[in-house]
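Chemist: Sequence unavailable; structure follows:
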C-alpha cells in the first residue's frame, strides 16, 4: 500500500507547489493593478500586464527552485520556510526595481513592503499545513542499518535528527550471516548500508534493488568518481570513462569570465560593509585590519588569501597551525560577528580578481593541514584539480564542524558534476547560510573518528 502511495508523491508536491505559486502570483497581480499599473508613463494593455505577472511568477519559481523552497517533505519545515523567506525577499526586491524601471522613477515602496509581509504569512501557513498533510500521507520510513564499524553511529545520529523522514528501527552487523541480514531487510521499507566492504555492499544493494527496497548508501570516494564518469557508447559493451583533468578549456574560460564579472559587481554593494568592518577591527584592538595566510589552489599552487582579521594578534604565535572552532577563545567579539555573517571573507574578492581563487570551489586549505590530511586521506589532493573558492558545495551543505573526510566527498561531488548552473545555485545558497548558518553536528551527534589508512582500505576492497 505504501508503494502505491509513493507513486503519487511527486504529484502531491507538484499540486501543492502550484497552489502556493498561484497565491503569491495572485497577490502580486492585485498589488500591481491597484498600485502601479495606472502610474506608469505608458500603461500596458491587457497582454502587457499579463506578461509582467507571468515574469514575476517565473522569477518566484526560479528562486524557489534554487533555494529548495518547493522541496516539500525533503527539507525540514523550518529550513523550507527560511528558504522561501529569502527567496521572497529577493524576488520582491528585484520586482520593485523592475517596476521602478518600467515607471521611469522610484515607485512607492510601501505596497511592495506590505505585499512581502503578507507573502511571509502565506508561506508560514502553507509550510505548516502542507507539512502536516505530507506527514499524514507519508509517515517516516522504517529502516534497518547494516554497519561495518562503530563509525556508522555518527550517520545514525544525524539521520535521527529527521524523525519526519526516517525511523531507524533496527541495526545489524555485517559480521552476521548474510541470510539473517537479508531477512531483516525484508521486514522494513529500506536499508542503510554504511561502512562495509565493497563486495558485500554490492550484494546487499542488488538484493534491495531486486526486491524494490530502498537502499541508502554512504558513498566512498570511488563511488563519487564513478558518478562523474562519462558514458562510452562506441561498443556493444558499456564503458564508463573516469578522468581527473578537472575542468576542460571551455569550462575554465566560462568560469573565469564569470568570476571577474561577479567579483567586480559584488564589490559595489560589499564596499560599505568592508569599510565598516575595517573600522571595527581597527578600533577594537588597534591591530592590523587584514590577515593574510598561505593557502593552496589549483594544482597545489601556493598563494596568500586575504581576510579581515577576526582573531587576536599573534593567534598562532607558537607557529603551529590550529583549526578554528566556533567557540575558539582566540576569536575577538568583532570577529565573531564577521565570521557569523561571512563578512571576514569579503577581501577574497580581490583574490578572485587576481586569479588565485574562484567564486565557487573547494575552500583553500593551508599547506601544513593539507599534508596532514593526506597522511590520513591520500585522495585529499584530488580537490586541487580546480581553483579554490570563496564559497563551495561543502560550505552550503555541511556544518561548521563537518569532518574533512566528508568535506572532501562534497568537494569531489562538485568537481565531478560542475556546471555554471550549479555555481549559481551555490551562490544563492550562500546568501541563505549567511543569515541562517547551519548548526554544528556536535550539538546532536557524537564526535567522528577519522578513519585510519589501513581501516579505510579494508572497507574499500
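Modeler: Yep, that arrived. Here the structure is a predicted model, which is why all the values come from computation and not from measurement.

Chemist: what are the ranges of the helices in the stretch 151-300 of the chain?
Modeler: Remark: helices assigned in the stretch 151-300 of the chain by DSSP state H, counting those that start in this stretch are 152-159, 178-185, 198-210, 221-227, 249-285.

Chemist: Tell me which of the ones you listed sits most buried.
Modeler: Of all the helices of the stretch 151-300 of the chain, helix 152-159 carries the top mean neighbour count, a mean of 18, counting by mean count of other CB atoms under 10 Å. For glycine as for every other residue, the C-beta is placed from the backbone atoms N, C-alpha and C.

Chemist: so which of the helices of the stretch 151-300 of the chain comes closest to residue 122?
Modeler: Closest of those to residue 122 is helix 249-285, at 28.5 Å (criterion: CB to CB).

Chemist: Going by contacts, tell me the helices and strands next to the closest one.
Modeler: Helices and strands touching helix 249-285, by 3 or more CB pairs under 8 Å, 6 or more residues apart in numbering; DSSP states H and E, are strand 302-308, helix 333-340, helix 348-354, strand 357-360, helix 420-435.

Chemist: for the closest residue to residue 169 other than its chain neighbours, helix, strand, or coil?
Modeler: Leaving aside its sequence neighbours, residue 169 sits nearest to residue 142 (CB to CB, 6 or more residues apart in numbering; 5.2 Å). Remark: residue 142 carries the secondary structure label strand [criterion: DSSP: H, G, I helix; E, B strand; the rest coil].

Chemist: The helix or strand harbouring residue 61 vs helix 420-435, what angle?
Modeler: According to DSSP states H and E, residue 61 maps onto helix 46-67. Interaxial angle, helix 46-67 versus helix 420-435 (axes from the mean of the first three to the mean of the last three CA atoms, to 10 degrees): 70 degrees.

Chemist: what's helix 46-67 in contact with?
Modeler: The contact list for helix 46-67, computed with CB atoms under 8 Å, 6 or more residues apart in numbering, reads 17, 21, 24-25, 28-29, 32-33, 37, 44, 69-70, 83-84, 86-88, 90-91, 94-95, 98, 102, 424-425, 428-429, 432.

Chemist: got a list of what residue 362 touches?
Modeler: So residue 362 contacts 383, 384, 386, 388, 389, 392, 394, 411, 414, 415 (CB under 8 Å, 6+ apart).

Chemist: Give the helix, strand or coil label for it.
Modeler: Classified using three-state DSSP, residue 362 is coil.

Chemist: Pull up the gap between it and residue 409, please.
Modeler: 11 Å (CB to CB, to the nearest Å).

Chemist: and what of residue 25?
Modeler: 39 Å.

Chemist: Those two: who's more crowded?
Modeler: Legend: neighbour count by other CB atoms under 10 Å for residue 25 and residue 409, higher for residue 409 (23 against 17).
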